[in-house]
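Peer 1: From the sequence below, what's the structure:
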Amino acid sequence: MNERIQPFDTKMQKSYNNLIEEFGSIRAGRANPHVLDQIKVDYYGAPTPLQSVANVSVPEPRMIMIQPWEAPMVKEIEKAIMVSDLGINPTNDGKCIRLVFPELTEERRKDLAKDVKKKGESAKVAVRNIRRDANDTMKKLGKSSDVSEDEVKDLETQIQKLTDKYISEIDKAVEEKTKEIMTV
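Peer 2: Numbering: from 1, shown residues only. Down below sits the predicted model:
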């Protein structure tokens, strides 16, 4: 790949990775430990990621079990989950916390599918904006330096192929996540 295009490829890859990360936090009726990725726990005065203070496991398809490494952390973890936008009430037996995910209603599934499509569209817009910036950069390059018009056209073609590749990957990711959500 041309070194002039490399930074734009990196930016597009970041947009795609960000989308996949966002999809990980959307729960689809099954227990997915990634829904806890954004939760921070007050660990001796410092906000700390939940995974750093406890063991997170999925013993059943619709349950997440959180076992703190220190007993006093049970209350802190429970409090952090309650104030998060997870929408699930934790059950606490003194040693560990269980999160039971209810079956999603048809209406909730459709809402989540719409949300997935919206996030996918935002990612596509980000990729297209990167393409626009890349094309502007190439045009300026053609005007200011010893790069020929043909080289500029070639670079723009490569940028378009890169854009098409990421748009297609985003579409695939949206389709897979939508299928996962709509599967009962």
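Peer 1: For S57, pull up the helix or strand it's in.
Peer 2: strand 54-60 (DSSP states H and E).
Peer 1: other SSEs contacting that strand?
Peer 2: Packed against strand 54-60 by the contact rule (3 or more CB pairs under 8 Å, 6 or more residues apart in numbering; DSSP states H and E) you find strand 63-68. To be clear about C-beta, it is placed using only N, CA and C from the backbone, and glycine gets the same treatment.
Peer 1: Now do the very next helix or strand once past the strand it packs on and strand 63-68, the angle between them.
Peer 2: Following the chain from strand 63-68 toward its C-terminal end, the next helix or strand by DSSP H and E is helix 73-83. Between helix 73-83 and strand 63-68, the angle comes out at 140 degrees (axes from the mean of the first three to the mean of the last three CA atoms, to 10 degrees).
Peer 1: What ranges does this structure have for its strands?
Peer 2: Under the criterion DSSP state E, strands of the chain are mapped to 40-43, 46-49, 54-60, 63-68, 91-92, 97-100.
Peer 1: got a list of contacts for the fourth one?
Peer 2: For strand 63-68, the external contacting residues (CB atoms under 8 Å, 6 or more residues apart in numbering) are 31, 33, 35-36, 50, 53-59, 74, 77, 90, 95-101.
Peer 1: Same question for it: list its buried residues.
Peer 2: Neighbour counts over strand 63-68 (16 or more other CB atoms under 10 Å) mark 64-66, 68 as buried.
Peer 1: Keeping just the C-alphas, turn that strand into CSV.
Peer 2: What follows is strand 63-68 as a C-alpha-only set of coordinates in CSV (Å, rounded to 0.1, in the frame of the first residue of the first chain):
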residue,chain,number,x,y,z
MET,A,63,-26.2,-15.2,33.2
ILE,A,64,-23.0,-13.3,34.0
MET,A,65,-21.3,-14.1,37.3
ILE,A,66,-18.9,-11.6,38.9
GLN,A,67,-16.6,-12.8,41.6
PRO,A,68,-14.6,-10.0,43.3
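Peer 1: I'd like the average pLDDT over that strand.
Peer 2: For strand 63-68, mean pLDDT is 90.
Peer 1: The last one too?
Peer 2: Along strand 97-100, the predicted confidence averages to a pLDDT of 88.
Peer 1: Quick one: list the elements packing against it.
Peer 2: Applying 3+ CB pairs under 8 Å, 6+ apart, one finds that strand 97-100 contacts strand 63-68, helix 73-83, strand 91-92.
Peer 1: for the second one, packing partners?
Peer 2: Contact here means 3+ CB pairs under 8 Å, 6+ apart; on that basis helix 73-83 packs against strand 40-43, strand 63-68, strand 91-92, strand 97-100.
Peer 1: One more: the shortest one?
Peer 2: Counting contacts by 3+ CB pairs under 8 Å, 6+ apart, strand 91-92 packs against helix 73-83, strand 97-100.
Peer 1: Pull out the buried positions in the longest one.
Peer 2: Residues 73-74, 76-78, 80-81 are the ones in helix 73-83 that count as buried (16+ other CB under 10 Å).
Peer 1: Noted, bye for now.
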